[in-house]
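> No sequence on hand, only this structure:
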């Protein structure tokens, strides 16, 4: 199995290095940026499988960066932050965040969430599915019908993948 590539964007260098080391020991490949602007530049070049994103960062906050990422791709996106009010959590999910982990958190908890997310997707669904004349690419979160490409949210993609795998079942 190919190593999962994680992109960590977090402005606390000391904690970032600890988290990065932990994730590398767990077998993940980890790239790191210390602010939102550098994060965007590196994101475009790195093509990660998963983005771990702090919200409170200089130059471009995590919500702004998530919005730019979602315009380009449908990678797994997990927010981790000390901003735990309901409005912030909802905003994270509105930006198609796959999870929202409040700080402080245990690195083992994060690793378990990553493992669950990727084991579930790798074991359960092929990248592309053809349903009649419609082609659904769950990795890119796109639907192609009659030559027209429609982008859908990460959540919509997850739901459609589950439905497509169980055609004809209640």
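Yep, it's here. Please read all numbers here as calculations on a predicted model, not as lab measurements.
> And the closest residue to residue 144 other than its chain neighbours, its phi and psi?
Counting by Cβ to Cβ, 6 or more residues apart in numbering, residue 144 lies nearest to residue 135, which is 4.4 Å off, once chain neighbours are set aside. Where you see a C-beta, it was placed from the backbone N, CA and C, and this is true even at glycine. As for residue 135, its main-chain torsions (degrees, to the nearest 10) stand at phi -110, psi 120.
> so who does residue 135 touch?
By Cβ atoms under 8 Å, 6 or more residues apart in numbering, the contact list for residue 135 reads 128-129, 143-145.
> PyMOL command to pick out the buried ones of those residues?
To isolate the buried ones among these in PyMOL, judged by 16 or more other Cβ atoms under 10 Å, type:
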select buried, resi 129+143+144
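> The contacts of residue 135 in strands, which ones?
Using DSSP state E, the subset of these located in strands is 128-129, 143-145.
> which residue packs closest to residue 27, ignoring adjacent ones?
That would be residue 3: by Cβ to Cβ, 6+ apart, it lies 6.5 Å from residue 27.
> now the residue lying farthest from the centre of the chain: how far from residue 57?
In terms of distance from the mean C-alpha position of the chain, residue 168 ranks first, at 29.8 Å (Cα atoms, centre = their mean). From residue 168 across to residue 57, the span is 47 Å (Cβ to Cβ, to the nearest Å).
> other SSEs contacting the host helix or strand of residue 113?
Element membership for residue 113 (DSSP states H and E) is helix 107-124. Judged by 3 or more Cβ pairs under 8 Å, 6 or more residues apart in numbering; DSSP states H and E, helix 107-124 is in contact with helix 13-25, strand 50-53, strand 76-81, strand 99-102.
> Could you rerun that using 10 Å?
Here helix 107-124 touches helix 13-25, strand 50-53, strand 76-81, strand 99-102, helix 154-165, going by 3 or more Cβ pairs under 10 Å, 6 or more residues apart in numbering; DSSP states H and E.
> Buried residues in the fourth one, which are they?
Yep, that's strand 99-102 we're talking about. 99-101.
> Please apply the same query to the longest one.
Judged by neighbour count using 16+ other Cβ under 10 Å, the buried positions of helix 13-25 are 16, 19-20, 23.
> Who are the contact partners of residue 8?
Counting by Cβ atoms under 10 Å, 6 or more residues apart in numbering, residue 8 touches 16-17, 19-20, 23, 28, 30-34, 39, 48, 50-54, 80.
> okay, now the domains of the protein?
5-122, 125-165 (automatic domain parsing).
> Which secondary structure state is assigned to residue 71?
helix (DSSP: H, G, I helix; E, B strand; the rest coil).
> Use 15 as the first number for this chain going forward.
Sure, I'll start numbering at 15, so the last one becomes residue 85.
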